[in-house]
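> this is the structure alone, sequence omitted:
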């Protein structure tokens, strides 16, 4: 008899895998908000990382329509100096900063 090879179990096939939880609803759809407002800074800050990057849909849980509106609103708020483009130098964590000139 020939030996049967076991097929490796893919992550998404396992029961109880990390990503098996139900996807949470979009924060804007949950509140029934039609348009994302660029002046609502408290809401927009939830979608921007500490370093100033726009977070992805996978992280924020926003739907496709609202994620594109969020990106547009963040860019508009940055242009009007309501949100920073990048984090302040002192705000970053204590991890080693790349490219610091003080070591040279």
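The structure has been received and is ready for your questions. Predicted model, so just to flag it, every value in this text is computed and none were measured.

> could you pull out the helices for the chain?
Per DSSP state H, the chain carries helices over the ranges 27-30, 41-44, 57-60, 64-79.

> just those: most buried one?
Comparing these by mean neighbour count (mean count of other C-beta atoms under 10 Å), helix 64-79 comes out on top with a mean of 17. In short, each C-beta sits where N, CA and C put it, glycine included.

> still on that earlier bit, can you redo the helices of the chain as a markdown table with mean pLDDT and distance to residue 90?
What follows is these, written out as a markdown table (pLDDT from 0 to 100; distance: least, C-beta to C-beta, whole Å):
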| stretch | mean pLDDT | distance to residue 90 |
| --- | --- | --- |
| helix 27-30 | 94 | 30 |
| helix 41-44 | 94 | 20 |
| helix 57-60 | 93 | 25 |
| helix 64-79 | 97 | 20 |
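
> relative to residue 5, which of those is closest?
helix 57-60 (33.4 Å; C-beta to C-beta).

> thinking again about what came up before, and residue 7, which of the helices of the chain is closest to it?
It is, among the helices of the chain and with distance given as C-beta to C-beta, helix 57-60, at 27.3 Å.

> out of the helices of the chain, which comes closest to residue 85?
Across these, residue 85 has its closest neighbour in helix 64-79 (5.4 Å, C-beta to C-beta).

> which other helices and strands does that closest one contact?
helix 27-30, helix 41-44, helix 57-60 (3 or more C-beta pairs under 8 Å, 6 or more residues apart in numbering; DSSP states H and E).

> distance between that helix and the chain's centre?
Helix 64-79 has its C-alpha centroid displaced from the chain centroid by 13 Å (C-alpha atoms, centre = their mean, to the nearest Å).

> about what we covered before: need the helices and strands packed on helix 64-79 in a markdown table with distance to residue 66, can you?
A markdown table is the format used below for the helices and strands packed on helix 64-79 (distance: least, C-beta to C-beta, whole Å):
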| stretch | distance to residue 66 |
| --- | --- |
| helix 27-30 | 4 |
| helix 41-44 | 11 |
| helix 57-60 | 9 |
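
> residue 78: which of these is closest?
helix 41-44 (9.8 Å).

> hmm, who's touching the closest one?
By C-beta atoms under 8 Å, 6 or more residues apart in numbering, the surrounding residues in contact with helix 41-44 are 27, 36-38, 70, 73-74, 77, 82-83.
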